[in-house]
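In: Got a sequence here, can you build the structure:
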Amino acid sequence: MTEGVIVGRTRGGEEWVPEFVTELNASTCIGCGRCYKVCPRDVFELVERGEEVDDDDDFYDDDDEMMVMSIKDAMDCIGCKSCAAVCPKNCHTHEALAG
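Out: Below you'll find the predicted structure:
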């Protein structure tokens, strides 16, 4: 296995390297909530898009209160990548982390 990273074990005894969510791109997120619904932990929350989006983006009106997902508690992520599997916009970034 990869040296120095956190390693998990399946019920069958096989080793696997969990990849934990490290970023969520709010500029591409559409706020569908799929990642929130599928996450077995309390990692995500719905927030207003805010200032992270480029001001040149004419798609959204300034008066719109676009809601997007945000990482609420990255330390609660178990590295299953279920969020990435259901995201239609590929907003999540995952990494194997050192133990």
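In: how about low-confidence regions in this protein?
Out: Low-confidence segments of the chain, defined by pLDDT under 70: 1-2, 51-64.
In: tell me the strands in this protein, going along the chain?
Out: Taking DSSP state E to define them, one finds strands in the chain at 8-9, 15-16, 20-24, 44-48, 67-71, 92-95.
In: Gly79: which of those is closest?
Out: Comparing the strands of the chain against Gly79 with Cβ to Cβ, the closest turns out to be strand 20-24 (4.6 Å). C-beta coordinates here come from the backbone N, C-alpha and C atoms, glycine included.
In: measure Ile8 to Cys80 for me?
Out: Not Ile; residue 8 is Gly. The spacing between Gly8 and Cys80, counted by Cβ to Cβ, to the nearest Å, is 9 Å.
In: And the two? Which one has more around it.
Out: Cys80 (18 against 12; other Cβ atoms under 10 Å).
In: which ones are touching the more buried one?
Out: 18, 40 (Cβ atoms under 8 Å, 6 or more residues apart in numbering).
In: Ala26 contacts Glu48, correct?
Out: No: applying Cβ atoms under 8 Å as the test, Ala26 and Glu48 come out as separate, 9.8 Å apart.
In: Show me the common contact partners of these two, please.
Out: Common neighbours of Ala26 and Glu48 (Cβ under 8 Å, 6+ apart) are Val68.
In: So these two - more neighbours on which side?
Out: Each of Ala26 and Glu48 has its neighbours counted (other Cβ under 10 Å); Ala26 has more, 20 against 13.
In: how about that one, phi and psi?
Out: Main-chain dihedrals, Ala26, degrees, to the nearest 10: phi -70, psi -20.
In: Distance-wise, check it relative to Cys39.
Out: Ala26 sits 17 Å away from Cys39, taking Cβ to Cβ as the criterion.
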